[in-house]
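Quick one: sequence and predicted model below, then my questions.
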Amino acid sequence: MSYNAFSKIDMANSIKQYYNVFDQINSKVFDNSKQIYSSSDLSKMPKGYISSGVEYGKMDPPSNATLSGLIDRSNELVTNIFSSNDEFNQADDISDKLSMLGIGFFANKLDFSTSSMNNKTGKDAIWSFNPDMSVYKNNEGYTKEGVFMSFLKSVSQQILVLYGGDTKLTKEAGADVALSVYMTINDPNRNKNIPLDKTLIENIANLPNEIKNRAKSSIYNPLLESFFFKQETGMTVASQAQREEFQAKLQQAKDNGWKLNNEQITNFSDNLASGLTKLLSPTKV
């Protein structure tokens, strides 16, 4: 891409949207009047969350290319907060398993530790959000602004210029993104993916059946085969060579009669649905 993506950026509006999410999280632990955080206070902050209301590929109106494709988080609502690392790790594991069934369950990791209040070094400093954190510390602890910066560092992979305010894409960028959004909307596979949004969370009773139906569908069979075969063999799949070796052994096993059985699929879907329900109920905001 040889052109500038934005003709104008309303950074204040984007920061406001991110702060709205941070404020929802922070207010579940401390009063909004709190301005200084001790090390003990930071340890009480949540370790992760999930939310609903994020709009991807925002177009307003649809014909306006200069607004197309931008993410809108102005209506983002934090629905569940994970108070411990164990809860977040459970959510992260469930997220990986649901993704194999085309169900989006996005567990956002948070890190408000004292180490997160330090500047990153090495490659992390180059490829991620890395503000000067020293200005947020005093003899009493860390300022609220610093804790917010720590929040932004936690979600640095998601930090983007957002839809809203006076932000505008250039005509060239808008046209490219509009085409991408159009193709995504008209992708025949798009409706196979169900995000775990507010509606689905509020109707969580319907999710176990959805999980079971998808687990039995041939569409998701290849991912489930890889998952179970990896468990059975204990193979590590981290490099391209390891992936090729894994696929070769999986194909050989299938040629020799290996396949998933109904009991495996039933147990997998039952445990996944049960684990999700047990996780969401006590962590609901």
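Great, that's in hand. Remember, predicted model here, so these are calculated numbers, not experimental data.

if I read this right, F229 contacts L250, doesn't it?
Yes: applying C-beta atoms under 8 Å, one finds F229 in contact with L250, separated by 5.0 Å. The way it works is simple: take the backbone N, C-alpha and C, and place the C-beta from them, glycine included.

who touches the closest residue to M11 other than its chain neighbours in this structure?
Taking C-beta to C-beta, 6 or more residues apart in numbering, and ignoring the residues beside it in sequence, M11 has V161 as its nearest neighbour in space, at 7.5 Å. The contact partners of V161, by C-beta atoms under 8 Å, 6 or more residues apart in numbering, come to 6, 9, 11, 14, 70, 167.

what about the third one, neighbour count?
Applying other C-beta atoms under 10 Å, we find 12 other residues in the vicinity of M11.

So which residues of the stretch 101-250 of the chain form helices?
Taking DSSP state H, counting those that start in this stretch to define them, one finds helices in the stretch 101-250 of the chain at 122-127, 144-154, 171-185, 198-202, 207-215, 221-233, 240-255.

Nearest to F112, out of those helices?
helix 144-154 (5.4 Å; C-beta to C-beta).

CA atoms only for the closest one, dumped as PDB, please.
Output of helix 144-154 as PDB, limited to C-alpha atoms (Å, rounded to 0.1, in the frame of the first residue of the first chain):
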ATOM      1  CA  LYS A 144      -4.600   5.900  37.400                       C
ATOM      2  CA  GLU A 145      -3.300   7.100  34.100                       C
ATOM      3  CA  GLY A 146      -0.400   4.700  34.400                       C
ATOM      4  CA  VAL A 147      -2.800   1.800  35.100                       C
ATOM      5  CA  PHE A 148      -4.700   2.800  32.000                       C
ATOM      6  CA  MET A 149      -1.400   2.700  30.000                       C
ATOM      7  CA  SER A 150      -0.800  -0.800  31.400                       C
ATOM      8  CA  PHE A 151      -4.300  -1.800  30.100                       C
ATOM      9  CA  LEU A 152      -3.300  -0.500  26.700                       C
ATOM     10  CA  LYS A 153      -0.100  -2.400  26.800                       C
ATOM     11  CA  SER A 154      -2.000  -5.600  27.700                       C
END
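
Look up how far R73 lies from S51.
Counting by C-beta to C-beta, to the nearest Å, the separation of S51 from R73 is 9 Å.

where do the contact lists of the two overlap?
Joint contacts of S51 and R73 (C-beta under 8 Å, 6+ apart) are V21.

low-scoring pLDDT stretches of the stretch 151-285 of the chain, where are they?
Low-confidence segments of the stretch 151-285 of the chain, defined by pLDDT under 70, are located at 156-159, 178, 180-205.

Now F22. Nearest residue, chain neighbours left out?
Leaving out its chain neighbours, the residue that sits closest to F22 by C-beta to C-beta, 6+ apart is F151, at 4.5 Å.

got it, and Q242?
T236 (5.9 Å).

what's around I103, how many residues?
I103 has 23 nearby residues by other C-beta under 10 Å.

Double-check N4 against T170; I have them as touching.
Yes: taking contacts as C-beta under 8 Å, N4 lies within contact range of T170: 5.6 Å.

Give me the more crowded residue out of these two.
Neighbour count, other C-beta under 10 Å: between N4 and T170, T170 has more, with 16 against 10.
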